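1. What would the 3D arrangement of this be:
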Amino acid sequence: MRKGLIAILALMLVVSFALAPAVVSADAPTYDSSLTLENKDASWAVISEDGVQGTLEFNSSGAEFEYRFAATGLQSDTEYCLIYYADFDPRFEQWGGNNPGKYIATIGTNGNGNYAATAGSIDLGMDLPCTPDWNINPNPDYCDNNNGFDSYAHCCGAKIWLVPATAYSIVEDRVTNWNPTAFLFETDLVAYDDTNASSFEATTEVLGDIISISVSPTSIDFGQVNSGTCSSAIWMGITNTGSASVNLSASSSSQFYNDCLQLDASGYQSIVNWAVTGLGVDNTWEPAPKVCIPAGYPAGTYTGTIVFWAEATP
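-> Next up, the predicted model:
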């Protein structure tokens, strides 16, 4: 009996998988910060679980503000502006227009009102926040859980908003149409350090007003004057040598000169009532003093000191 050799060929199928290494660009941005943007009601409380929301990832430091933004539930086929919005001082004085803000990016939604995560960068030329933003200093309104309005994690920082493009002027960097029901607002305050921004240190010393006058001449002899008559007017100049406009007045410890001395202030007045207002810096007033002796005034030689007073014009 011939025995046949039955050969059993075992086939082994070896399937190999080559894993391609992930390639990470050395220039790829690293987002170390994130912010959620939400729509809010009239009392500024977040309207949650309605699907309307934006997410901003960004670098907190760099030569350019690098970001990635995504949003859902917005108006369909609509352009929006992502902006930095700065508050006035105080916080509730004005809303909307004329804020010293900054444009970041324009985004456009699809037919479902969504915006897919998209990356970009912009040279803002400033830190966030930046003066004159009221929120550049700690503000208890934002982080006091008992008395504050928002109870944010940070007491100072920048507000990032998403507003319809029709409500914002990129040229003027300001909100032009205040329509908060169509906006997405910050849920915290953020900070960004622009390492490419230039700066300088400024020092200013503000001086107080210098009140100073000079009087010429420093002595006058009115000569002999008969009772019931006036002397000739004698030239005198009072010059404002200070740094501010001044009002002038005069006084004397001599009763004779209080009774008899008259000075010109657009019409002659007794020294006790004489006054000149608003004498400008480097200007000279000429009071042209004279003495007018009432009839029957006691004869004699009278001397005294006349003091001119200057005070800053309010």
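2. those helices in this structure, which residues are they?
-> Listed in chain order, the helices of the chain (DSSP state H) span 255-260.
3. how is it carved up into domains?
-> 33-194, 213-312 (automatic domain parsing).
4. From start to finish, how long is the first one in a straight line?
-> Taking Cα to Cα, to the nearest Å, the span from the opening residue of domain 33-194 to its closing residue is 15 Å.
5. related to what we said a few turns ago, just put the domains of the chain in TSV and tack on mean pLDDT, mean neighbour count and distance to Leu207.
-> C-beta here means a position set from N, CA and C on the backbone, and glycine is covered the same way. Shown next, in TSV, are the domains of the chain (pLDDT from 0 to 100; neighbours: other Cβ atoms under 10 Å; distance: least, Cβ to Cβ, whole Å):
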stretch	mean pLDDT	mean neighbour count	distance to Leu207
domain 33-194	87	16	24
domain 213-312	95	15	8
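6. With distance to Thr204 added, can I get those in a markdown table?
-> Listed next are the domains of the chain as a markdown table, based on distance: least, Cβ to Cβ, whole Å:
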| stretch | distance to Thr204 |
| --- | --- |
| domain 33-194 | 15 |
| domain 213-312 | 16 |
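7. looking at these, which is closest to Val206?
-> Closest approach to Val206 among these (Cβ to Cβ): domain 213-312, 11.9 Å.
8. Go ahead and confirm Pro289 touches Ile238.
-> No: Pro289 lies out of contact with Ile238 (Cβ atoms under 8 Å); the separation is 10.7 Å.
9. Pairing partners for the nearest residue to Val276 once chain neighbours are set aside in the sheet, please.
-> Using Cβ to Cβ, 6 or more residues apart in numbering and skipping residues adjacent in sequence, the residue nearest Val276 is Leu248, 4.2 Å away. Under the criterion DSSP bridges, Leu248 forms beta bridges with Val276, Ala310.
10. distance of Leu248 from Ile220?
-> 17 Å (Cβ to Cβ, to the nearest Å).
11. got it, and Phe65?
-> In terms of Cβ to Cβ, Phe65 sits 74 Å off from Ile220.
12. Kindly report the same for Asp123.
-> Asp123 is 71 Å from Ile220, where distance means Cβ to Cβ.
13. Next: Asn247.
-> Applying Cβ to Cβ to Asn247 and Ile220 gives a distance of 23 Å.
14. From the centroid of this structure, which residue is nearest?
-> Pro132 (3.3 Å; Cα atoms, centre = their mean).
15. doesn't Ala86 make contact with it?
-> Yes: under the criterion of Cβ under 8 Å, Pro132 makes contact with Ala86 at 7.2 Å.
16. Nearest residue to Ala63 in space, please, no chain neighbours.
-> Leaving aside its chain neighbours, Ala63 sits nearest to Asn196 (3.7 Å; criterion: Cβ to Cβ, 6+ apart).
17. you'd agree the one you found is up against Phe65?
-> No: counting by Cβ under 8 Å, Asn196 does not reach Phe65; the two are 10.0 Å apart.
18. Which residues are in contact with each of the two?
-> Residues touching both Asn196 and Phe65 (Cβ atoms under 8 Å, 6 or more residues apart in numbering): Asp123.
19. quick one: contacts for the residue nearest to Ala63?
-> Asn196 touches 62-64, 123, 125, counting by Cβ under 8 Å, 6+ apart.
20. measure Thr313 to Ile136 for me?
-> From Thr313 to Ile136 the distance is 36 Å (Cβ to Cβ).
21. So what would you say the end-to-end distance of stretch 34-53 is?
-> End-to-end for stretch 34-53, by Cα to Cα: 13 Å.
22. got the contact list for that stretch?
-> With Cβ under 8 Å, 6+ apart, stretch 34-53 has contacts from 54-58, 71-74, 149-150, 160-162, 180-181, 183-188, 190.
23. In strands only, show me those.
-> 54-58, 71-72, 160-162, 185-186 (DSSP state E).
24. The residue nearest to the centre of the chain and Phe88, how far apart?
-> Applying Cβ to Cβ, the value for Pro132 to Phe88 is 8 Å.
25. what do you get for Tyr31?
-> As judged by Cβ to Cβ, Tyr31 and Phe88 stand 30 Å apart.
26. Gly280 now?
-> Per Cβ to Cβ, Gly280 is found 36 Å from Phe88.
27. How about Asp141?
-> With Cβ to Cβ as the criterion, Asp141 and Phe88 are 13 Å apart.
28. now do Leu189
-> 16 Å.
29. contacting residues around the nearest residue to Asp264 once chain neighbours are set aside?
-> Distances taken as Cβ to Cβ, 6+ apart place Ala288 nearest to Asp264, at 4.5 Å, with adjacent residues excluded. Going by Cβ under 8 Å, 6+ apart, Ala288 touches 233-236, 263-264.
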